[in-house]
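Undergrad: Sequence unavailable; structure follows:
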């Protein structure tokens, strides 16, 4: 019988899909039940946005015990204190990188580069101490409680996808990060997607990979881990995602790999061979340009993911759907994404 996993997070379609294709029997607990999530899961349970974290953690523990499954905590749930058999990084390790103040202190001790924190009266980028995705990130001087301020570095946002076994880390792919992509109706620093590979000079790529490996090994992380950078005159580390990242789709499409299989094997101590990109691949997040009611069910269409169900309503600026494309160049995949955006909106 296939091994059972319980994936839990705000949105888990990409992890559930990868796990299912790796041969696992997948159960999901999530805040967003996309139409295509059900394709990959035996059972899906929605949790209300207002449910306290302790109650969500208890629900995950009870379900995992009931079905005898390993737990995979995904984006939004990675800092929950969940007991049981985990196929993810435990709270003690996650907390050291999720709290950016603690994280930056550790980076400073290790001599790893990051945009320095700023004091009163200085204008900089203000972001939550805990949280990612470019949400609630603004430029300013006043720092609300629960936020920090650091120097704004003008550069290219990018990431390195890493597989680690808790002791050693292996870089898999460099990815371009889209933030505030206007064609996807995103603004500011809002995370809008990834493209794999991110093509830079070999010396720069090796430096990104070196820093990513050093950072992941510093914190003893395991499984699929991502390190976000801004690349200016040199790379600066912004954060570590100690769980599956939004680049999962683009990495798998580009490199012809299954990240969940690599993730599971890494928790058994096994690391894969180096992989190479075979094509450009892009996952873009389309935000709703207006209030819409979905007229068609596109679940199962290979070029759309995180698909809303027929009849569901979305407000302006809500994340609407992910658009996937592969091709021979950046221009090629961006063109295909925009064509598929227009098609989706004509059906929505």
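TA: All right, it came through fine. The structure displayed is predicted, hence computed values, not measured ones.
Undergrad: drop to CA atoms for contacts and neighbour counts, all remaining ones
TA: Noted.
Undergrad: The residue nearest to the spatial centre of the chain: what's it in contact with?
TA: Nearest to the mean C-alpha position of the chain, by Cα atoms, centre = their mean, lies residue 245 at 2.4 Å. The neighbours of residue 245, taking Cα atoms under 8 Å, 6 or more residues apart in numbering as the test, are 75, 224, 225, 226.
Undergrad: what is the rounded mean pLDDT of the helix or strand containing the third one?
TA: Looking back up the chat, that one is residue 225. Assigned by DSSP states H and E, residue 225 falls within strand 222-231. Here strand 222-231 scores 99 as its mean pLDDT.
Undergrad: Just checking: what are the partner strands of the helix or strand that it is followed by?
TA: Remark: after strand 222-231, the chain's next helix or strand is strand 235-241, criterion DSSP H and E. Pairing partners of strand 235-241, with direction, according to DSSP bridges: strand 222-231 (antiparallel).
Undergrad: can you list contacts of the strand it pairs with?
TA: 88-89, 153-167, 212, 216, 235-245, 259-260, 262-264, 266-267.
Undergrad: just the buried members of the residues you listed?
TA: Buried positions within these, assessed by neighbour count (16 or more other Cα atoms under 10 Å), are 88-89, 153, 157-166, 212, 216, 235-245, 259-260, 262-264, 266-267.
Undergrad: Next up, the contacts around residue 324.
TA: 250, 281, 282, 283, 284, 302, 303, 304, 305, 337.
Undergrad: doesn't the second one fall inside a strand?
TA: Yes. When the secondary structure is assigned by DSSP: H, G, I helix; E, B strand; the rest coil, residue 281 falls within a strand.
Undergrad: Look up which residues are beta-bridged to it.
TA: residue 196, residue 326.
Undergrad: Roughly how far does it sit from residue 269?
TA: 29 Å (Cα to Cα, to the nearest Å).
Undergrad: what's the answer for the first one, then?
TA: In this structure, residue 250 and residue 269 are separated by 25 Å, where distance is defined by Cα to Cα.
Undergrad: between those two, who's got more neighbours?
TA: residue 250 (26 against 15; other Cα atoms under 10 Å).
Undergrad: Just want the angle from the strand or helix carrying the more buried one to strand 222-231.
TA: If you go by DSSP H and E, residue 250 is part of helix 248-255. Interaxial angle, helix 248-255 versus strand 222-231 (axes from the mean of the first three to the mean of the last three Cα atoms, to 10 degrees): 90 degrees.
Undergrad: related to what we said a few turns ago, model confidence for the residue nearest to the centre of the chain, exactly?
TA: pLDDT, read off for residue 245, is 98.
Undergrad: Distance check, residue 174 against residue 277.
TA: On the measure of Cα to Cα, residue 174 and residue 277 end up 9 Å apart.
Undergrad: what are the phi and psi angles of residue 324?
TA: Backbone torsions of residue 324, given as degrees, to the nearest 10, read phi -120, psi 140.
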